[in-house]
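**Q** Coordinates for the following, if possible.
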Amino acid sequence: TECVTKTIYWITANNFTVERGRQQIEDLISSWRVHKSCLHWSEFLHEEELEDSKRYHYRACWSIPTRRKPIPRATASVYFIIEISKTKPATSPGEVFFTLESSKLIHRAEQRLFREKWLKDIIENKIRVIERL
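**A** Okay, here's the model as predicted:
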């Protein structure tokens, strides 16, 4: 496991808003080593109420447009969860996790370096399926 190079101080429970959470996800994404040709947009999906925490779900949708194909044929999504504890002090930071579409592996944001290859693999696999149809 490789550590993320940029330190992100995650928002505390008492300062959390949906938009601040989305902005912190954008800060995390900006720390990833992804080529400038990979474009994305992010959005808030929904809030999940649990007994001991609240989970805020987000998605970043990626594409790799080119000069020959400015409208991408496929996209790849990365899903994020910001978990805010109800049992820890309000000054405790939230925990942030991410997973890729078509994967069940959940990564802890501060412990895993993102790989651009993951995006490319998802997009290439989707294009292969489309071509077969």
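**Q** Mind listing what's buried along the top helix by length along the chain?
**A** Using DSSP state H, we find that the single longest helix of the chain is helix 116-132. Residues Trp118, Leu119, Ile122, Ile123, Lys126 are the ones in helix 116-132 that count as buried (16 or more other CB atoms under 10 Å). In this view, the C-beta of every residue, glycine as well, is placed from N, C-alpha and C.
**Q** residues in contact with the residue lying closest to the third one once chain neighbours are set aside?
**A** Using CB to CB, 6 or more residues apart in numbering and skipping residues adjacent in sequence, the residue nearest Ile122 is Ala76, 3.8 Å away. By CB atoms under 8 Å, 6 or more residues apart in numbering, the residues touching Ala76 are Cys61, Trp62, Ser63, Leu100, Glu101, Trp118, Leu119, Ile122, Ile123, Lys126.
**Q** And Glu116, by the same measure?
**A** Glu116 touches Trp32, Arg33, Val34, His35, Cys38, counting by CB under 8 Å, 6+ apart.
**Q** and with 10 Å instead?
**A** Contact analysis of Glu116 by CB atoms under 10 Å, 6 or more residues apart in numbering lists Trp32, Arg33, Val34, His35, Ser37, Cys38, Trp62, Ile64.
**Q** residue boundaries of the strands in the protein?
**A** Applying DSSP state E to the chain gives strands spanning 39-49, 53-63, 76-85, 95-100, 107-108.
**Q** which neighbours does the fourth one have in its sheet, and in what orientation?
**A** Counting by DSSP bridges, the strands paired with strand 95-100 are strand 76-85 (antiparallel), strand 107-108 (antiparallel).
**Q** tell me the mean pLDDT for that strand?
**A** Across strand 95-100, pLDDT averages out at 94.
**Q** and that strand with strand 53-63, angle?
**A** With axes from the mean of the first three to the mean of the last three CA atoms, to 10 degrees applied, the angle from strand 95-100 to strand 53-63 works out at 40 degrees.
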